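Participant: Requesting a structural model of the entry that follows:
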Amino acid sequence: MMRAMSADPKEKRMGALKIIATVIMTIFFLNIVRKLILGEIKMAAWKNGAITNEDGAKLKMKSARALRLNFGFLVVAMATFLFAE
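Facilitator: Alright, predicted model coming up:
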């Protein structure tokens with residue numbers, strides 16, 4: 001906390017960058033968890049026959065693509081957090 005209070009503007013910027021990176025990491029982590037939970041619910045519906053095979057295959061592909069994208073953004077936010085020194 002004392003680093004953010006210092007007079008050096010570069011340290012203030014880095015502190016702000018870390019806070020922003022932390023918020024972004026939290027958002028993407030929660031988004032990944034949400035997509036995993038919703039994906040499991042939809043996959044269970046697909047296995048029970050509530051969703052057709054064609055729709056289930058599209059759903060699986062979209063879900064995997066969205067998860068990869070979210071993991072990528074999460075890694076970028078983590079790297080920003082780690083190297084903001």
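
Participant: so what secondary structure elements neighbour the lowest-mean-pLDDT helix or strand in the chain?
Facilitator: Ranked by mean pLDDT, DSSP states H and E, the weakest helix or strand in the chain is helix 53-82, scoring a mean of 80. Judged by 3 or more C-beta pairs under 8 Å, 6 or more residues apart in numbering; DSSP states H and E, the packing partners of helix 53-82 are helix 9-47. Yep, even glycine has a C-beta here, placed from its N, CA and C like the rest.

Participant: got a list of contacts for stretch 32-44?
Facilitator: 51, 56, 59-60, 63, 66-67, 70-71, 74 (C-beta atoms under 8 Å, 6 or more residues apart in numbering).

Participant: Of those, which is the nearest to Ala16?
Facilitator: Leu74 (19.8 Å; C-beta to C-beta).

Participant: That closest one contacts Phe29, correct?
Facilitator: Yes - contact criterion C-beta atoms under 8 Å: Leu74 and Phe29 qualify, at 6.2 Å.

Participant: Comparing the two, which shows the higher neighbour count?
Facilitator: Neighbours were counted for Leu74 and for Phe29 using other C-beta atoms under 10 Å; Leu74 has more, 18 against 15.

Participant: Apart from its chain neighbours, what residue comes closest to that one?
Facilitator: Phe28 (4.3 Å; C-beta to C-beta, 6 or more residues apart in numbering).

Participant: Tell me the predicted confidence for that neighbour.
Facilitator: You'll see Phe28 listed with a pLDDT of 86.

Participant: Tally up the residues packed near it, please.
Facilitator: Neighbours of Phe28 using other C-beta under 10 Å come to 20.

Participant: what do you get for Ser63?
Facilitator: 17.

Participant: circling back to that earlier point, and the least confident helix or strand of the chain, what's buried?
Facilitator: 56, 59, 63, 70, 73-74, 77-78, 80-81 (16 or more other C-beta atoms under 10 Å).
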